[in-house]
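> Structure of the sequence below:
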Amino acid sequence: MRLRLCGTRGSTPAPGIDFARYGGQTSCVAVMADDGECRLILDAGTGLRRLPAALNGKPFTGSMLLTHLHWDHTHGLPFCPSVDNPDAHTTLYIPEQPGGDAEEILARAMSPPHFPIRPREMRGSWEFKHLAPKSTTLDPFKTKDGWLTIAPFTDEQFERLCLGVGHHEWWTEVADRTERIRGILRGLAKTLPERTTAEWLEVLEKADVPVGRVNDYETLFTDEEIVANENFTLYEHPDAGTVRTVNPGARFSETPARMWRTPPRLGENTEEVLRELGLERSMIEELRTSKVINS
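A predicted model of the protein is given here:
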């Protein structure tokens, strides 16, 4: 995969020699696959006009993701012949937000009298969609005394979640699955602050829903799971005193990872490294005297 930076400027395009180093076009990145094809575009600023060169003049077929809808991320849409093309096929995603369907929201800035046509009137095949988070979670959730992370992924887990919190209707009363899950997440955000983290953990663990406490610095090092997994270790540093650090994540029975030395202090191994590179001791002393390296 390669990234082609078609536009990197913000706010407004800036043509001219003064802007040659980073280019004068606004935000647009073409994601090029290993086969040389571009099937994903990130943002549609005026840099989108440079897409035909990346595609060798061919029409675009793929997805376009707008990170947000400021002008410098959308102004290139009607000016790129690779996407405004009878043979192009584009699915355009905008961040999920209220105010209508995705095309209607885009049309607020791209429609008469501001512009001759609406987004849906561009040539080619277009789909305009809101993009909801793939994980379908709104982590973390606030509780009465802390935070929870909840990660249901299957329909069965979502239904058990609704039953567990006492709102089975969240699962049964909305036909469209995407809208149903959005409603569940909104409901959780309102309901979970009514009880403590410990109370909800008991409820959701009983319902067999993936859930966990969000620790802060005060509770992290005493969390039962973290202690049992030996995620952290303490060691004595010659300058800093007692230091807590993370243990290696991978555990191997035959070749267990371990901390066999403390991190080197500034310049501690400089002479050793320079000697390995072939520098004579006299030259190293000269560098030290000249304060090129630490003593």
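> What residue spans form the domains of this structure?
Per the record, the chain has its domains at 2-131, 141-214, 264-295, by automatic domain parsing.
> where does the stretch 1-150 of the chain dip in pLDDT?
132-139 (pLDDT under 70).
> the helices in it, which residues?
51-54, 102-107 (DSSP state H, counting those that start in this stretch).
> gap between the two ends of stretch 64-76?
12 Å (CA to CA, to the nearest Å).
> sorry, back to before: Phe141: which of the helices of the stretch 1-150 of the chain is closest?
helix 102-107 (27.1 Å; CB to CB). Just so you know, the C-beta spots here come from the backbone N, C-alpha and C atoms, and that holds for glycine as well.
> and the closest one, which residues are buried?
Of the residues in helix 102-107, 102-103, 105-107 count as buried by neighbour count, 16 or more other CB atoms under 10 Å.
> can you list the residues that contact it?
69, 74, 77, 92-94, 97, 99, 118-120, 126, 128-130 (CB atoms under 8 Å, 6 or more residues apart in numbering).
> Please repeat the previous calculation with a cut-off of 10 Å.
44, 66, 69, 74, 77, 92-101, 110-111, 114-115, 117-121, 126-131 (CB atoms under 10 Å, 6 or more residues apart in numbering).
> From Leu66, how far off is the residue lying closest to Ser63 once chain neighbours are set aside?
In space, Ser63 comes closest to Thr91 once its chain neighbours are excluded; the distance is 4.8 Å by CB to CB, 6 or more residues apart in numbering. Distance of Thr91 to Leu66, given as CB to CB, to the nearest Å: 12 Å.
> on that earlier part again, select, out of the domains of the chain, the one closest to His237.
domain 264-295 (8.8 Å).
> Which stretches in the stretch 1-150 of the chain count as strands?
Remark: strands assigned in the stretch 1-150 of the chain by DSSP state E, counting those that start in this stretch are 2-7, 28-32, 38-42, 61-65, 89-95, 125-131, 141-142, 147-150.
> And the helices of the stretch 1-150 of the chain: which comes nearest Gly267?
helix 51-54 (47.0 Å).
> residues of that closest one that come out buried?
Buried-residue list, helix 51-54, by 16+ other CB under 10 Å: 51-52, 54.
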